[in-house]
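> Give me coordinates for this.
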Amino acid sequence: MDSMGGARIAVDQIGFAPVDSVEDQLREMRRERDALRRENRILKIAVAELERVSERDTLTPLFNRRYFLTAIHQRIARFERRAETAAIVFADVNQLKFINDSFGHAAGDFALLEIANRLLGAIRSVDVAARIGGDEFGLILDQSSESGARTQVARLSALLSATPAVYDGREISLSACFGVAMLQSDMNESDILAAADRDMYLCKLGQDGPAGHR
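This next block holds a predicted model:
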């Protein structure tokens, strides 16, 4: 057998895939790549939605208690590193039980939603608003002094009580008591929130009217 014949036999034994087959494989690989990219985008959207839901209140557009405490923790760290001040505000809605008993729980939810929207619309984008309990709200006023925070609280209180909420044709008076506490390096997030709660209670004690309506 001559050398040319041997070479032809060797080539025949190795064999090559037809060009069409290679192009088909490349097209299939591209389809799989594109499909994986789509799945990855969908997964990223799903994860982002789960993170959003885990941080948000179920009734209002505000953050929840878990996120609020985390945000206070972050502010404490900033305060300790760079002395950035912030005021923590605790707000307790007045007469929610009275609203529920008089108008129904749907009206109570409507009142909470109205209060949440008013608070959210009155603070800066750098501040934080959260619903931290059934009728309790929390605010973080970044880079605020105590006097500045109390001035803001007075404005918020007036904003809530200035205009009643209208539910099913009936007017519902809105109001809340507020308490303020400033960041301190020797206190954790729960301590600071408790201090704001105690300050809020002084407002409750100064109110007139039956305790059940507060």
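
> From now on I want contacts and neighbour counts done on CA atoms only, so please keep to that.
Noted.

> Could I get the contacting residues of the residue nearest to the spatial centre of the chain?
Centroid-nearest residue in the chain, with CA atoms, centre = their mean: Phe63, separated by 3.1 Å. The neighbourhood of Phe63, defined by CA atoms under 8 Å, 6 or more residues apart in numbering, consists of Glu55, Arg56, Asp57, Val128, Ala129, Ala130, Arg131.

> again with Asn188
With CA under 8 Å, 6+ apart, Asn188 has these contacts: His73, Ile76.

> What is the nearest of the contacts of Phe63 to Asp101?
When these are compared for distance to Asp101 (CA to CA), Arg131 comes out closest, at 21.5 Å.

> from the contacts of Phe63, which two are the most distant?
Asp57 and Val128 (13.0 Å).

> Helices along this structure, start to end?
Using DSSP state H, the helices found in the chain span residues 3-14, 19-55, 65-82, 96-103, 105-122, 146-162, 189-205.

> can I get the ones you listed in CSV with distance to Leu139 and mean neighbour count?
Formatted as CSV, the helices of the chain follow (distance: least, CA to CA, whole Å; neighbours: other CA atoms under 10 Å):
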stretch, distance to Leu139, mean neighbour count
helix 3-14, 75, 10
helix 19-55, 15, 12
helix 65-82, 8, 17
helix 96-103, 19, 16
helix 105-122, 9, 18
helix 146-162, 10, 16
helix 189-205, 10, 18
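
> Format these as JSON lines; extra columns: distance to Ile88 and mean pLDDT.
Below are the helices of the chain laid out as JSON lines (distance: least, CA to CA, whole Å; pLDDT from 0 to 100):
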{"stretch": "helix 3-14", "distance to Ile88": "77", "mean pLDDT": "49"}
{"stretch": "helix 19-55", "distance to Ile88": "18", "mean pLDDT": "73"}
{"stretch": "helix 65-82", "distance to Ile88": "8", "mean pLDDT": "95"}
{"stretch": "helix 96-103", "distance to Ile88": "23", "mean pLDDT": "96"}
{"stretch": "helix 105-122", "distance to Ile88": "14", "mean pLDDT": "97"}
{"stretch": "helix 146-162", "distance to Ile88": "9", "mean pLDDT": "97"}
{"stretch": "helix 189-205", "distance to Ile88": "7", "mean pLDDT": "95"}
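
> May I see these organised as a markdown table, with distance to Val89 added?
A markdown table is the format used below for these (distance: least, CA to CA, whole Å):
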| stretch | distance to Val89 |
| --- | --- |
| helix 3-14 | 79 |
| helix 19-55 | 19 |
| helix 65-82 | 11 |
| helix 96-103 | 19 |
| helix 105-122 | 12 |
| helix 146-162 | 8 |
| helix 189-205 | 6 |
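
> Quick check: the gap between His183 and Ser175.
One thing to correct before we go on: residue 183 is Leu, not His. Computed as CA to CA, to the nearest Å, the Leu183 to Ser175 distance reads 26 Å.

> actually Asp92, not the one I wrote
9 Å.

> Perfect, I'm done here.
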